[in-house]
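Engineer: I would like the atomic coordinates for the input below:
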Amino acid sequence: MKIPQLPALTTLQNPAVRHLVWLLHSPQLISGTDVFVPGQWLTEQMLERLLNWNSQPETAPALLQAIPPRRLGLYFESLYAVLMADLLGWHLLARNLPIRERGRTLGELDFVLLNPHSGEVEHHEVAIKFYLGYAASVSDPALWYGPNPHDRLDLKSANLRDHQIQRSALPAARAALTAQGIDAPVQRRLCMPGYLFYPLDSDINPPSQADAAHCRGSWLYRDQVHRLDIANWLPLHKPHWIGPWVDSQGPDPQGVQAVLQQIDSSATPRLFARLQRTDSGLWCEAERFFVVPPHWPKDQPKNQ
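Structural biologist: The predicted structure follows:
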């Protein structure tokens, strides 16, 4: 099947549609034969539907028209549900299905879907992640931490592959699926797009498991910000961590200073975009930066 050419993200002014298109072609932060690449299932007819949602937002699924949740993970899961069911035409059999045994919750199955092409039931575990590469010394290998350093790429990947995606094979999961009238999954798939941020002042190797074309940014300490020209910066607030910023709204110097002060007071990393103006008059993200407090990743952020 020939995969149609996706539009440039900067041409999509509907944020939810832009986030969907980013999800369709975003490289994964995890590798393996069980990794699911949504864009490979896209057809010309589906692309036309997607572009119609962009130009006529009132025709989009209700989830895309609703105010997005504050929690990025919940918003990402909503996007994934729209992507799979409303755009690609897979049948959503269950979402966040709890697995319980003797009154104890063992976890959930993120998505259970019917693949219309194979007729098989599939179990998908999904996550969107943002990791910053950090090496304690030049001789140490880099570890990839989330803004909350309790989250780490190698640990999350192992948990996804060794635990989360294996849950559908548990007897308790089979029982929960049977109770819903769902056959046991034949395929198990992982989907974990995101961004990797590299230190501003040092070279580190990318993690071997990530797609070589992964989305990138830079990170720096709060006391290094003065070295950069931040005149065209804009703070990125969730859910706009997903995909590039595109808007008629330009840089926000006052907002940038306010968020930088929050880093000082809360010891919490914050995300910014450097914008550039296009010929159409829109401001588009050119690159993104995480700014972190002085002792990161040793200090645990107080708030996320």
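Engineer: hmm, who's touching stretch 144-161?
Structural biologist: 29-30, 32, 34, 125, 127, 129-134, 143, 190, 192, 196, 207, 209, 268-269, 271, 290, 292, 296-298, 300-301, 304 (CB atoms under 8 Å, 6 or more residues apart in numbering). In this view, the C-beta of every residue, glycine as well, is placed from N, C-alpha and C.
Engineer: if you set the cut-off to 7 Å instead, what comes out?
Structural biologist: 29-30, 125, 127, 129-134, 143, 190, 192, 196, 207, 209, 269, 290, 296-297, 300-301, 304 (CB atoms under 7 Å, 6 or more residues apart in numbering).
Engineer: now, which of these lie within strands?
Structural biologist: Mapping the contacts of stretch 144-161 onto strands (DSSP state E) picks out 125, 129, 130, 131, 132, 133, 134, 143, 190, 196, 290.
Engineer: ok, the first one touching residue 108?
Structural biologist: No - contact status for residue 125 versus residue 108: not in contact, 9.4 Å apart, counting by CB atoms under 7 Å.
Engineer: Have a look at those two and say which one is more surrounded.
Structural biologist: residue 125 (25 against 17; other CB atoms under 10 Å).
Engineer: need the contact list for the more buried one.
Structural biologist: Going by CB under 7 Å, 6+ apart, residue 125 touches 110, 160, 164, 165, 190.
Engineer: Confirm the second one sits in a helix?
Structural biologist: I take that to be residue 160. Yes - Residue 160 forms part of a helix when assessed by DSSP: H, G, I helix; E, B strand; the rest coil.
Engineer: That one and residue 177: what is the separation?
Structural biologist: 20 Å (CB to CB, to the nearest Å).
Engineer: got it, and the fourth one?
Structural biologist: Residue 165 is 15 Å from residue 177, where distance means CB to CB.
Engineer: Mind jotting down where the strands sit in the stretch 51-200 of the chain?
Structural biologist: 91-101, 104-114, 121-126, 129-134, 143-145, 187-191, 194-199 (DSSP state E, counting those that start in this stretch).
Engineer: what stretches of this structure score poorly on pLDDT?
Structural biologist: 1, 299-304 (pLDDT under 70).
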